[in-house]
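J.: The sequence and its predicted three-dimensional model are supplied below.
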Amino acid sequence: MEEVTDARRKGLPFNSPLETGIRSVGVLVALYPKAFDLQRMVAFDYLVVHTADVGGPDSLHPDLPLRSAELLVRRELVERGLHLMMSRKLVDRTAEKTGIFYRAGEMADVFLSTLTSEYMGLLQLRAQWVAEVFGGMDDDEFRILMRENFDKWIEQFHVIEKSSAGSES
């Protein structure tokens, strides 16, 4: 938590549980009545923020060079965001034989309709795009897509890392 707080004070693009929770609500409303596990919610959070990385509309957040590392730190933030939204009845959690799943709560759509900023409009458009493109994929299809893109993002990370090391010589 201290790392996130320190990063926010320095203006780095990390997100709070409130921000990730609101994004999760946006995605779950767009996907209603479907429910998804935490791993898929983490991926959806990344995708809704970086839609341009996967051929979608302009990304919601700036395309920073090391953004692929975000996937590695998002899990806890998304989980905390989901719990925050559950405490407000905006997200429902169910335990199934195959795991724990999250779905939009009964007040989620009403809540989102009260948020009228430009950012929220852009978020809802991207959440709808993510829902249409990725919401119908089964777990295997989605895993393959994410693995292919993650490999590409890691490769970009290594290129940037090498160019930074080369410029220090």
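T.: On my side now, so go ahead.

J.: only C-alpha atoms for contact and neighbour calcs from this point on.
T.: OK.

J.: quick one: the helices in this structure?
T.: 2-9, 17-31, 38-49, 70-87, 108-114, 118-134, 139-167 (DSSP state H).

J.: mind showing which ranges of this structure have poor pLDDT?
T.: 1-14, 63-72, 151-169 (pLDDT under 70).

J.: Out of the helices of the chain, which gets nearest to residue 57?
T.: helix 118-134 (7.4 Å; CA to CA).

J.: buried set for the closest one?
T.: Using 16 or more other CA atoms under 10 Å as the test for burial, helix 118-134 gives 120, 122-131, 134.

J.: could you dump those residues to a markdown table with distance to residue 110?
T.: Formatted as a markdown table, those follow (distance: CA to CA, whole Å):
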| residue | distance to residue 110 |
| --- | --- |
| 120 | 13 |
| 122 | 17 |
| 123 | 16 |
| 124 | 13 |
| 125 | 16 |
| 126 | 18 |
| 127 | 16 |
| 128 | 16 |
| 129 | 20 |
| 130 | 20 |
| 131 | 19 |
| 134 | 24 |
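
J.: So which residue is smack in the middle of this structure?
T.: Most central in the chain under CA atoms, centre = their mean is residue 45, positioned 0.8 Å from the mean C-alpha point.

J.: Identify the residues contacting the nearest residue in space to residue 31 that is not next to it in sequence.
T.: Closest residue in space to residue 31, ignoring its immediate chain neighbours: residue 131 at 5.6 Å, by CA to CA, 6 or more residues apart in numbering. Contacts for residue 131 were tallied using CA atoms under 8 Å, 6 or more residues apart in numbering; they are 27, 30-31.

J.: Looking at the residues you listed, which one is closest to residue 87?
T.: Closest approach to residue 87 among the contacts of residue 131 (CA to CA): residue 27, at 17.7 Å.

J.: Next, residue 32: phi, psi?
T.: For residue 32, the backbone dihedrals (degrees, to the nearest 10) come out as phi -60, psi 140.

J.: OK, contacts around it?
T.: 103-104.

J.: any idea how far residue 136 is from it?
T.: For residue 32, the distance to residue 136 (CA to CA, to the nearest Å) stands at 12 Å.

J.: before we move on, what about residue 128?
T.: Separation of residue 128 from residue 136 (CA to CA) stands at 12 Å.

J.: Likewise for residue 117?
T.: Look at residue 117 and residue 136: by CA to CA, they are 29 Å apart.
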